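>>> Next come a sequence and a model predicted from it.
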Amino acid sequence: MFHKGIVKGELKELQLKLLENGVSKKKEAVKEVIAYMTVGKDVSSLFTDVLNCLETKDFEIKKLVYLYLIKYAKQKPNLSILVVNTLVKDTQDENPLVRALALRTMGSIKVEGVTEYLCQPLRKCLNDEEAYVRKTAVVCVIKLFDQNPELVKTQGFIKILKKLIGDSNPMVVSNALIVLQQINRIVKQPIFVITQNDSAKILNALNEATTWGQIYILDSISTYAPKDEEEAESIIDRVLLRLSHPNSSVVLSAVRVVLNMMHSVTDRELLKKYSLKLASSLVTLLASPNPEIQYVALRNINLIVQRFPLMLPDEIRNFFCKYKDPIYVKMEKIEIIVMLVRKRNVRAVLKELKLYAEEVDLDFVKKSIRAIGRCALKLPPATEICVKALLELIQTKVNYIIQQVVIVARDIFRKYPNKYESIITSLCENLEKLDDNEAKCAMIWILGEYADRIDNATELLESLIENFVEENREVQLQLLTSTIKLFLQKSEESEELLVRVLDLVTKKINDSDLRDRGYIYWRLLSSSPEIAKKIVLQERPKISSSTFKYDQILLTELLRNIPTLSSIYHEPPRVFEYNVKINLKESDSSEEDVEESDDSDEEQYTQKERKREKEKRKEKVNKNKKKNSKSEKIQSTKNTTNININTNTNTNTNTNNNNNNNNTTPTIGNLIDLTNLGIQTNSESKIKEISSISNNNSNQNEIGESLGKMDFFSELNYKTEDFSIEIEPKKLLLDPKNGKGMKIEGAFRRRNKKIYFDLSVSNHNTFPIGQFALAMNKNTFGLKPSGFMLDNVVMPQQTRETSILCPIVNEHIQNDKPNTILQAAARYQSVINFFQVEASLNIFFSEEGKVSKKEFLQRWKEINEEDETVNEIGNIKFSDIYTIIDKFSQKNIYFIDKTKQDFVEILYFSIKMVNNVFVMLEVAVVQSSNQIHYSIRSSNNAFNNLVSTFLNDLFQKISSK
């Protein structure tokens, strides 16, 4: 009767019923109103009439009216204030159910006026003699915290919650724990850390707690770090009984506690005992009739096996798939089977996997066949029987099975080159059945790699090349490479095929990458087939098994969060907590923007595009964890260019050197070989090999005389004031042992919008040293010393300070992977020493990096999203965002704008490098979780990783101060 629409006059009838005096009639009327409300009918017009029904002792009516009040309080905030006195009065009622109900209602009404009256009743109920009221009051604290965090702190409710951990009622204890843990996740600094005394109180409540109460208690105790091994063993012993609990959540929470406490246990016998207990409980979870529980258990077992690989090998049969298992359970079981496979059980595993490979589900079949390949990679002694299993699968003549076998065979050949070649014949016989691109690429790779052992390799490749133009790009690339390999092994019979492929690639294919690769191969073969053979057919590194796929840091973090979403999705907790935190209010009031935006298009960008970019950023962080490696060390001699140590050498000297080397092939100088220091005559001349410097004293004297005309220790332009950035401390660049008595300490510093190389040179010899010279190799930013040298000498045990201006010279730029390591050479008399200097990236940040918001916005939009670098960094602590802005400004990183989305501060900065590369930063600060997400867009994305590495170090420095 209640599910029909409200017809005209029906609301009037309800209103009249609500005004009647009889309790039973009022109850029926309120039930009708709630029924309409439940099905989505608007009965807010009866707000006053329904509230009048509160003046009754009937508990059922009160309960229904409170339900109505929670629903419509936001729509009628002014009228809701009128009911506050009644609610406060009910919190003092004799009936504990009424007290708890009234308090729960007050906490659920998110109206500012009601919140102000909540504190006093809440404090009384937290100390109520009835446990039911206390547990309800505890939950009310988190509701109040959601509305006004500062009020919870100032009113002392946090302290009361900490006291309630020792409450006699386990339900109160568990509620207090979950509320404190929830607040911990929201605030910037944890407000509750379990102590040794707390852990004893919490564990005392474990036995009598409800199922959910036990979960809360176990989750809380899992965060506790025991003081010693004895305490860890005591906690484990008290938790072990929960491993046999009928509720799977309790079991997994207990597993989490045991795993975390096992790190503090060193007794091998005890560890073995705990491992057996854990293995038994985990296997029991797999027997659950609920496939969802099985899947959750399997995902957690996956992590546990990675950390404790010897825990479950004897239980491998429990992970064999059943016919009624859903596909997601089967796929996860196969993953764990591969982890647990050992030499003693590999035959049973292969038998199972072969059965799975004959199933009808295509994804399951692929996973099974690839699992056979992974077993072969993981267990070298069992590789032969794995190959036999693959041969048996080929005999099925099923296309998709054969294609997966081809892919697996390629990996086996890469791991075990020149072995198990008996399978190649069977693969070649089924070449025509391949229609999957990955399988085609794998087969083509095999044909090219083993062309000298396949009699008809040329014919097989020729049949595939017939449809070259229509093939997928990856297949085309593999065909090109394999044809080159075929030619290098069978040049006579495959020359015509090679010319045909190169002609197709360079003339009929529009793909620039493929075309360029074709030209490279063509030129390489034309210049020297022998060199091409060494390059293309060289031995490649063997691949490894990918059984354990997570690094130890992430794995530890995931294991600490069993059985949360983190351990199920195998993602760190911050990925899931991010949205939770920004939906809850922080205690700090929002600050005003540093600068206000004047342009309407910027406002639109802030509200819409930034929100979309934040979501994309989150996806990119999860998919593309960047490996921001440190700057590369000194490169090999093949990639190293000469240092022009003699910029002022006479023309005659250069001419003589050139004449002496007319008959030698120009080569790149070797920084490591002191006898091969090249001299560059001009910017266009080729680098010449000069091998006579250390052998010809006259040449040494000429160089010394020409270099000695300038003072290496000139104090010109050496000023200590007007620093635009923080001063970099000097580092040891050359020790006396390697420097043959000369010690050099130095650092690049930026002053007066210029770059200086500040040096301290010490003489550790027993004789004076002089005739100094300094040169730098070509580098990313074109930094080159201006050529200050020394006339006078440095006496023994004396140290001299100097500063050398290093301007940017375009001809000195090295177009290689950007880095901040500069290779240098220093000479005194006839001794030449090589060293390298790692400059801080901000040395190359110009003072002209500040742009307007409009220009920043325009530049940001001009750069493709694919060229954006996204990264995140955790555990960063700082007082406020202005700390970041201040530190960045000291590094010539200019603040542009600031916005706030929910409770995430987003800052925008700009950088201009001395080589005119313009860099833009978007920094999202989540202070409640000490997380920073940032995006980098630049006019040259080759510099993105360099900037990312610099930012990571800078944030760590900010956090450590």
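Good, I have the coordinates.
>>> what does the model give N169 for pLDDT?
On pLDDT, N169 comes in at 92.
>>> residues in contact with it?
Neighbouring residues of N169 by C-beta atoms under 8 Å, 6 or more residues apart in numbering: A131, R134, K135. For the C-beta atoms, the positions are set from N, CA and C on the backbone; glycine is no exception.
>>> again, 6 Å this time
N169 makes contact with A131, according to C-beta atoms under 6 Å, 6 or more residues apart in numbering.
>>> any idea how far it lies from K162?
Separation of N169 from K162 (C-beta to C-beta, to the nearest Å) stands at 16 Å.
>>> try R540
R540 is 61 Å from K162, by C-beta to C-beta.
>>> Have a look at the two and say which one is more surrounded.
Neighbour count, other C-beta atoms under 10 Å: between R540 and K162, K162 has more, with 15 against 9.
>>> Nearest residue to that one in space, please, no chain neighbours.
Of all residues not flanking K162 in the chain, F192 sits nearest, at 6.5 Å (C-beta to C-beta, 6 or more residues apart in numbering).
>>> Repeat that for K542.
Counting by C-beta to C-beta, 6+ apart, K542 lies nearest to K415, which is 5.4 Å off, once chain neighbours are set aside.
>>> which residues touch the one you found?
By C-beta under 6 Å, 6+ apart, the residues touching K415 are L377, K542, I543.
>>> Double-check that the last one belongs to a strand.
No - counting by DSSP: H, G, I helix; E, B strand; the rest coil, I543 is not part of a strand but coil.
>>> tell me which residues form a beta bridge with V904?
Bridge pairing for V904 (DSSP bridges) gives the partners Q901.
>>> these two touch, right, it and A924?
Yes - between V904 and A924 a contact is recorded at 5.4 Å, counting by C-beta atoms under 6 Å.
>>> So for the two, which residue has more residues nearby?
Taking neighbours as other C-beta under 10 Å, V904 and A924 compare with A924 leading, 22 against 19.
>>> Shouldn't that one be within a strand?
Yes - A924: assigned to a strand according to three-state DSSP.
>>> Who are the contact partners of it?
Per C-beta under 6 Å, 6+ apart, neighbours of A924: V904, I906, H933.
>>> Tell me which residues touch the second one, please.
This points to I906. Listed by C-beta under 6 Å, 6+ apart, the contact set of I906 reads T899, A924.
>>> So it lies in a helix, does it not?
No - going by three-state DSSP, the assignment for I906 is strand, not a helix.
>>> quick one: it and D953, what's the gap?
For I906, the distance to D953 - C-beta to C-beta - is 22 Å.
>>> any idea whether the closest residue to S846 other than its chain neighbours is helix, strand or coil?
Take S846 and drop its neighbours on the chain: the residue closest to it by C-beta to C-beta, 6+ apart is K912, 4.5 Å away. In the three-state summary, K912 is assigned as strand, counting by three-state DSSP.
>>> Could you report the separation of K912 from L946?
15 Å.
>>> Between the two, tell me which one has more neighbours.
Using other C-beta under 10 Å, the more surrounded residue of K912 and L946 is L946, with 23 against 20.
>>> thought the more buried one was touching I821?
No - applying C-beta under 6 Å as the test, L946 and I821 come out as separate, 10.9 Å apart.
>>> what do the two both touch?
Joint contacts of L946 and I821 (C-beta under 6 Å, 6+ apart) do not exist.
>>> Using a markdown table, lay out the contacts of K415 together with neighbour count.
Formatted as a markdown table, the contacts of K415 follow (neighbours: other C-beta atoms under 10 Å):
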| residue | neighbour count |
| --- | --- |
| L377 | 22 |
| K542 | 10 |
| I543 | 14 |
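>>> Only C-alpha atoms, please: export stretch 762-781 in PDB.
Output of stretch 762-781 as PDB, limited to C-alpha atoms (Å, rounded to 0.1, in the frame of the first residue of the first chain):
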ATOM      1  CA  SER A 762      96.500  21.700  -2.500                       C
ATOM      2  CA  ASN A 763     100.100  20.600  -3.100                       C
ATOM      3  CA  HIS A 764     101.000  17.400  -1.200                       C
ATOM      4  CA  ASN A 765     104.300  17.000  -3.000                       C
ATOM      5  CA  THR A 766     107.700  17.900  -1.500                       C
ATOM      6  CA  PHE A 767     108.400  20.300  -4.300                       C
ATOM      7  CA  PRO A 768     106.500  23.300  -5.800                       C
ATOM      8  CA  ILE A 769     104.100  22.700  -8.600                       C
ATOM      9  CA  GLY A 770     103.100  25.100 -11.400                       C
ATOM     10  CA  GLN A 771     102.200  25.500 -15.100                       C
ATOM     11  CA  PHE A 772      98.500  24.800 -14.400                       C
ATOM     12  CA  ALA A 773      95.900  24.200 -17.000                       C
ATOM     13  CA  LEU A 774      92.200  23.200 -16.700                       C
ATOM     14  CA  ALA A 775      89.900  21.900 -19.400                       C
ATOM     15  CA  MET A 776      86.400  20.300 -19.600                       C
ATOM     16  CA  ASN A 777      85.000  17.800 -22.000                       C
ATOM     17  CA  LYS A 778      81.900  18.600 -24.100                       C
ATOM     18  CA  ASN A 779      78.900  18.300 -21.900                       C
ATOM     19  CA  THR A 780      75.100  18.600 -21.900                       C
ATOM     20  CA  PHE A 781      75.000  22.400 -21.200                       C
END
